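Novice: need a structure here:
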Amino acid sequence: MVAGATEALERTVASLRQTTPGAPVCCGVDLGTASIIVVVLGEGGVPLACEMEPCRVARDGLIVDHLGAIRIVRRLTDRLRERLGADLGPAAIAVPPGTVPASASTHRHVAEAAGLEVTAVLDEPTAANAVLGLVDGAVVDIGGGTTGLSVFKGSRVMYVADEATGGVHMNLVLMGRLGMTFEQAEAYKVDPVNADDVRQAVRPVAEKMASIAADHLAGCPVDQVWLVGGTAGLAGIEEVFADALGAPTAKPPHPMMVTPLGIARSVLRSCGEAVAA
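Specialist: Here you go, the predicted structure:
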C-alpha cells in the first residue's frame, strides 16, 4: 500500500503545481516551523491547488507570532480562492504529537482568523499516514522545529511522541560553521550543489533526531519506518535512521508534501467521503 501511495504522491505534487479544474471540497493547513503550506482537494480527494510560503512564525512546532501566521494563511488562502474562483470548503490542521490543548487551539485560531472553517485537528505523523497508508510500523515527521512520530498497529495509532529537534537546528550548525545568516543557511542547505557538505556538517543533528526516534521506539519496536517532513529531504538521512533504529527506513518522494496532503485528506475521511489513490 505504501509503494502505491508514494507513486500517487508523485502525480499529486505534479498536479498541485498548476490549478486543476474542479470545485474545492476541503483544504489542509500545515503550520510548520519553516513554512506554511495550504493544499486544496476536490471531489474524491483529487488535488486542485497548493500554495506555500517560508516563514518563522513558529518555534519548536508551536505558534509564537500569532498575527504573522494569520497574515500568511490569509495571503495563501486568498491566492487559492482567486486561482480556483471559489471558497475552499472545510479545513483540517495538524499539530506536533502530544501538543497541549491550549497550543492546539492557537493553531485552530490562526486558520479560523484567516476565514477557514476548521473541522478536524490531528497530529502530524498521523496526518501523513493518510497518504502513506502504513498498516504496521512508524511514521517519523521531521519538521523545522521538532521530530515527531506515530506508531501504527493494524492501522491504529498506538503511540505518539514529539521532541524539539529539527531543520532549524541544522541551520544553526551551518550558521556557526560557515558564518551565514539563518536565511543564507537555509538556502545553502536545500541547494543540491551543497548536498555532500551539508550532509557531513549536520550529521550530528540527524543522529540526534534518530536517537529521539530510537528512544521512543525502544518500548514498541517496529519492522518498518517512513520519514516525512521537510527535513526528511536531506540526502541520506534515512540511512542514519536505519542505523539507529535497526529497522528498514525509507522516505517517499517529496517528503515535505506528505503531511499537508494528509491533513487535507483527513477532512474527507472524517466526512466519510472516498479519497482518490
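
Novice: In PDB, could you pull the C-alpha coordinates for stretch 70-89?
Specialist: C-alpha atoms of stretch 70-89 as PDB (Å, rounded to 0.1, in the frame of the first residue of the first chain):
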ATOM      1  CA  ILE A  70      -2.700  34.700  10.300                       C
ATOM      2  CA  ARG A  71      -1.400  37.100   7.700                       C
ATOM      3  CA  ILE A  72       0.400  34.300   5.800                       C
ATOM      4  CA  VAL A  73      -2.500  31.900   5.900                       C
ATOM      5  CA  ARG A  74      -4.900  34.600   4.800                       C
ATOM      6  CA  ARG A  75      -2.500  35.500   2.000                       C
ATOM      7  CA  LEU A  76      -2.200  31.900   0.800                       C
ATOM      8  CA  THR A  77      -5.900  31.200   1.000                       C
ATOM      9  CA  ASP A  78      -6.700  34.400  -0.800                       C
ATOM     10  CA  ARG A  79      -4.400  33.300  -3.700                       C
ATOM     11  CA  LEU A  80      -6.100  29.900  -3.800                       C
ATOM     12  CA  ARG A  81      -9.600  31.400  -3.800                       C
ATOM     13  CA  GLU A  82      -8.600  33.600  -6.700                       C
ATOM     14  CA  ARG A  83      -7.000  30.700  -8.600                       C
ATOM     15  CA  LEU A  84     -10.000  28.400  -8.100                       C
ATOM     16  CA  GLY A  85     -12.700  31.100  -8.200                       C
ATOM     17  CA  ALA A  86     -14.500  29.500  -5.200                       C
ATOM     18  CA  ASP A  87     -14.300  29.100  -1.400                       C
ATOM     19  CA  LEU A  88     -12.100  26.400  -0.100                       C
ATOM     20  CA  GLY A  89     -14.600  24.400   2.000                       C
END
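
Novice: Quick check: buried residues in that stretch?
Specialist: 70-74, 76-77, 80-81, 83-84, 88-89 (16 or more other Cβ atoms under 10 Å). Every C-beta, even on glycine, is put in place using the N, C-alpha and C of the backbone.

Novice: what's the span of stretch 41-52, first residue to last?
Specialist: Start-to-end span of stretch 41-52 (Cα to Cα, to the nearest Å) is 15 Å.

Novice: and which of the buried residues of stretch 70-89 is nearest to residue 44?
Specialist: residue 89 (13.4 Å; Cβ to Cβ).

Novice: pretty sure that closest one is in contact with residue 28, am I right?
Specialist: No: counting by Cβ atoms under 8 Å, residue 89 sits too far from residue 28 to count as a contact (10.7 Å).

Novice: Give the residues shared as contacts by these two.
Specialist: residue 267 (Cβ atoms under 8 Å, 6 or more residues apart in numbering).

Novice: picking that back up, now, which of the buried residues of stretch 70-89 lie within strands?
Specialist: With DSSP state E as the criterion, strands contain none of the buried residues of stretch 70-89.

Novice: Okay, buried residues for the helix ranked longest in the chain please.
Specialist: Assignment by DSSP state H gives helix 195-217 as the longest helix of the chain. Across helix 195-217, burial judged by 16+ other Cβ under 10 Å covers 198-199, 201-203, 205-214, 216-217.

Novice: So residue 116 is in contact with residue 88, correct?
Specialist: Yes: counting by Cβ under 8 Å, residue 116 does reach residue 88; the two are 6.7 Å apart.

Novice: pLDDT wise, what is residue 76 at?
Specialist: pLDDT for residue 76: 95.

Novice: Residue 3 too?
Specialist: 53.

Novice: where along the stretch 151-277 of the chain do the helices fall?
Specialist: 167-178, 182-190, 195-217, 237-245, 255-271 (DSSP state H, counting those that start in this stretch).

Novice: Using JSON lines, lay out those together with distance to residue 224.
Specialist: Shown next, in JSON lines, are the helices of the stretch 151-277 of the chain (distance: least, Cβ to Cβ, whole Å):
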{"stretch": "helix 167-178", "distance to residue 224": "24"}
{"stretch": "helix 182-190", "distance to residue 224": "27"}
{"stretch": "helix 195-217", "distance to residue 224": "11"}
{"stretch": "helix 237-245", "distance to residue 224": "10"}
{"stretch": "helix 255-271", "distance to residue 224": "15"}
